[in-house]
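Asks: curious how this folds, go ahead:
(one chain, ligands or ions: 3)
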Amino acid sequence: MRKLDISIIGVPLDYGQSRRGVDMGPSAIRYAGAMKRLEAIGHSLQDEGDIQVSVIENKNREETNLKNLEEVVQATSELANRVSRVIENGRFPLVFGGDHSIAIGTLAGLTSKYKNLGVIWYDAHADLNTAETSPSGNIHGMPLAVSMGLGHEKLVNIFTDGQKVKPENIVIIGARSVDPGERALIKKRGIKVYTMHEIDRDGMSSVMKEAIEYLKCRNLDGVHLSLDLDGLDPLYTPGVGTPVPGGISYRESHLAMEMLEDSGVITSAEFVEVNPILDEKNKTADVAVGLMGSLFGEKLL
Ligand SMILES: NC(=[NH2+])NCCC[C@H](N)C(=O)O
Ligand SMILES: [Mn+2]
Ligand SMILES: [Mn+2]
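Replies: Ligands and ions are numbered 1, 2, ... in the order given. Prediction:
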C-alpha cells in the first residue's frame, strides 16, 4: 500500500447552489474523524485549514443567470492556488466541500502538475451544464463543463486560460439525473458515462474494472476522484442538497473505492455536497469518511 503525505483543504462554499448549509461540510467531515481515520492506515496528514469564502461587494455585477458568480470565482481561484502549492510540495490534495462548484478550482490547480489529467466523477448528476443549458443557474451543475473549457469565461479562465481536462479523460459513474443539454454534450464529446443502468446490469465490479482500464489506456499523468455524496442513494447519504433516488449503494461505493485503491491510479480526491443541516446525525459525513478509509487503503482483513 502507498503511504501518502496528505494535505486536507476545506472549502466552506455554498454559493454554487441554492440550499444553505453545505458550507458546513468541511466541519462535518472533520468532525466525523477524517484525519484520525487516515492516520490509522499509516498516512501522514496535514490540515491546511479552510479557503476563505467571502461575499464580493461589487456594484457593477454583470447580467448573468449564474448565481453568485463573483463569490464562486473568488473561492475557486484561491482553491486552485492552494491545490497547486500542495502538489508542488509533493503532497496529495484531499479537498472537502462545499458544493460541487469547488471542483472548478481543484481541477484548475491540479493542471499546474498534471498535463494529461484523468477524472472520475462519482455523482448522480453529470454537472455538464453551461449558462445556456442550466435549468437552475446553479454553478454546482457546471464544473465538469467548465473544466472542459465550456461555459462562462470567468469560470473557464480560473488559474489558467481555457480547458483543464480533455473530455476523453473523463469517466462519470452513477449518473441518473441528466439534463437535455448535458445529454447532448455527452454524445457530442463522447464522454464515458456509466449510468445506474450499467451499474445494475453489469455490477459495480465490472463497471470499475472497465473504468480503470479505460483511464489506464489514456496515458494519464494523474487521476482525480471527484466524489459527490449524492452519487450514493439518499438512503445512505441523506445530507445532500439535490438527492436523487435509485442511487449507488453503500456496499457498491466501498467496493468502488477499494478497486481504485488497488489500481493505484488516484493522485488527488475531493468529497463534496455534504450538508449537515439536511443530514441525520452526521450520517453523510460518516459515510464520506468511511469511503475515504477504503480509498486510502483500509482492508477488512
Ligand atoms: N453537484 C450537484 N449536486 N449538481 C446538481 C445539478 C442539478 C442540475 N443538473 C442543475 O444543473 O441545476
Ligand atoms: Mn450531484
Ligand atoms: Mn455533483
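
Asks: chain center to stretch 127-140: distance?
Replies: The chain centre lies 16 Å from the centre of stretch 127-140; the measure is C-alpha atoms, centre = their mean, to the nearest Å.

Asks: meant to ask about stretch 269-282, not that
Replies: Centroid separation between stretch 269-282 and its chain, computed with C-alpha atoms, centre = their mean, is 13 Å.

Asks: avg pLDDT for it?
Replies: Across stretch 269-282, the average pLDDT comes to 98.

Asks: Pro243 touches Asp230, doesn't it?
Replies: Yes. Here Pro243 lies in contact with Asp230, judged by C-beta atoms under 8 Å, at a distance of 5.8 Å. Any C-beta I mention is one placed from the backbone N, CA and C, and that applies to glycine too.

Asks: the residue nearest to Gly181 when sequence neighbours are not counted: which element?
Replies: Using C-beta to C-beta, 6 or more residues apart in numbering and skipping residues adjacent in sequence, the residue nearest Gly181 is Thr133, 2.5 Å away. In the assignment (DSSP states H and E), Thr133 maps to no helix and no strand.

Asks: Thr133: neighbour count?
Replies: When neighbours are defined as other C-beta atoms under 10 Å, Thr133 has 19 of them.

Asks: isn't it up against Val178?
Replies: No. Applying C-beta under 8 Å, one finds Thr133 not in contact with Val178, separated by 11.0 Å.

Asks: shared neighbours of the two, anything?
Replies: Residues touching both Thr133 and Val178 by C-beta atoms under 8 Å, 6 or more residues apart in numbering: none at all.

Asks: can you list the residues of the stretch 151-300 of the chain near ligand 2?
Replies: Proximity of the stretch 151-300 of the chain to ligand 2 (C-beta under 5 Å from the ion) is limited to residues Asp228, Asp230.

Asks: quick check: phi and psi at the residue nearest the centre of the chain.
Replies: By C-alpha atoms, centre = their mean, the chain has its centre lying nearest to Ser226, at 2.7 Å. For Ser226, the backbone dihedrals are phi -110, psi 100 (criterion: degrees, to the nearest 10).

Asks: what do you get for His125?
Replies: With angles defined as degrees, to the nearest 10, His125 sits at phi -110, psi 160.

Asks: give me the distance between it and ligand 3.
Replies: 5 Å (C-beta to the ion, to the nearest Å).

Asks: equivalent analysis for Pro245, please.
Replies: When distance is defined by C-beta to the ion, Pro245 is 16 Å away from ligand 3.

Asks: name the element Glu70 belongs to?
Replies: Following DSSP H and E, one finds Glu70 within helix 69-88.

Asks: ok, now which ones touch the residue nearest to Gly181?
Replies: Asp179, Pro180, Gly181, Glu182, Ala184, Leu185.

Asks: so among these, which ones count as buried?
Replies: Neighbour-count burial (16 or more other C-beta atoms under 10 Å) applied to the contacts of Thr133 gives Asp179, Gly181, Glu182, Leu185.

Asks: would stretch 235-249 count as contacting ligand 1?
Replies: Yes. Residues of stretch 235-249 contacting ligand 1 under C-beta under 6 Å from any ligand atom: Thr242.

Asks: next, the buried residues of that stretch.
Replies: Neighbour-count burial for stretch 235-249 flags Tyr236, Thr237, Pro238, Gly239, Val240, Gly241, Thr242, Pro243, Val244, Gly247, Ile248 (criterion: 16+ other C-beta under 10 Å).

Asks: I figured the fifth one hits Asp233, correct?
Replies: No. Applying C-beta under 8 Å as the test, Val240 and Asp233 come out as separate, 10.6 Å apart.

Asks: near ligand 1, which residues of this protein show up?
Replies: Contacts of the chain with ligand 1, taken as C-beta under 6 Å from any ligand atom, map to 100, 125, 127, 129, 134-136, 138, 140-141, 179, 228, 230, 242, 273.

Asks: whichever of those end up buried, select them in ChimeraX.
Replies: Buried subset of the residues of the chain next to ligand 1, written as a ChimeraX selection, criterion 16+ other C-beta under 10 Å:
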select :100,125,127,129,134,138,140,141,179,228,230,242,273
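
Asks: now the stretch 1-150 of the chain against ligand 3: closest residue?
Replies: Nearest to ligand 3 in the stretch 1-150 of the chain, going by C-beta to the ion, is His100, at a distance of 3.6 Å.

Asks: so what touches stretch 281-289?
Replies: Contact with stretch 281-289 is made by 25, 28-29, 31-34, 37, 227, 229, 232, 236-240, 250, 253, 271, 274-276, 279, as judged by C-beta under 8 Å, 6+ apart.

Asks: show me where pLDDT drops low in the protein?
Replies: Applying pLDDT under 70 to the chain flags no residue at all.

Asks: all set now, cheers.
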